[in-house]
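Student: Generate coordinates for the sequence data below:
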Amino acid sequence: MIEYMKKTAGETEFLLRYPDEVSYTLEKETEILGNIREDPYHIMMVAVVDGKVAGNGSVTGVGPKRKVQHRCSLAIALYEEFWGLGIGSAMITYLSELARGIGWQQMDLEVVAENARAQALYKKCGFIESGRRHNGLRFDDGTYHDEILMYKDLT
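Tutor: Numbering: from 1, shown residues only. Got it, this is the predicted structure:
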């Protein structure tokens, strides 16, 4: 997972981290994955194609407060070589089913405004644009980028 996070972060500007920000030790990553495994309100999956990791996705509850307990947040990434093969759609569909099974009624995500490919995928999977976070991201080159806020009704 550590190598996967480093490589996917280097393949696109559209993920939240840069490769050098992936600094987990094996022990720390093992602890993180163990905590996720034990948390009934956190889902993580890995997509494997022909024995090779293709990507991963996660869904996390927004928070324990009653006013937001109905919401969860989606994150997904694939190695570039697996883009456009329907894997992302399949992962989002499956994660949505699992989230619905937990009882969440709405799934949220943020996507970089310039990432038209991901926005098209999310719309195809039932997400609707609900707003924009102005200058939500600052890239290392000093440029600012808006985030598009999207949601999917799980009911």
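Student: how near is the residue nearest to Phe82 when sequence neighbours are not counted to Tyr18?
Tutor: Leaving out its chain neighbours, the residue that sits closest to Phe82 by CB to CB, 6 or more residues apart in numbering is Ala54, at 4.2 Å. Placement of C-beta: from N, CA and C, glycine included. Separation of Ala54 from Tyr18 (CB to CB, to the nearest Å) stands at 22 Å.
Student: which of the two has more neighbours?
Tutor: Ala54 (19 against 13; other CB atoms under 10 Å).
Student: re the thing from before, name the SS class of the residue nearest to Phe82, please.
Tutor: strand (DSSP: H, G, I helix; E, B strand; the rest coil).
Student: residue contacts, it?
Tutor: With contact set as CB atoms under 8 Å, 6 or more residues apart in numbering, Ala54 has these partners: 47-48, 78-79, 82, 87.
Student: switch to 6 Å and redo it
Tutor: For Ala54, the contacting residues are 47, 78-79, 82, 87, by CB atoms under 6 Å, 6 or more residues apart in numbering.
Student: Assign a three-state SS to Gly126, would you?
Tutor: Criterion first, three-state DSSP; result for Gly126: coil.
Student: I figured it was touching Met150, is that so?
Tutor: No: using CB atoms under 6 Å, Gly126 is not in contact with Met150; the gap is 9.8 Å.
Student: Run through the neighbouring helices and strands of the longest helix that the chain contains.
Tutor: Longest helix in the chain by number of residues (criterion: DSSP state H): helix 87-102. Secondary-structure packing of helix 87-102 (3 or more CB pairs under 6 Å, 6 or more residues apart in numbering; DSSP states H and E): strand 42-49, strand 52-61, strand 71-78.
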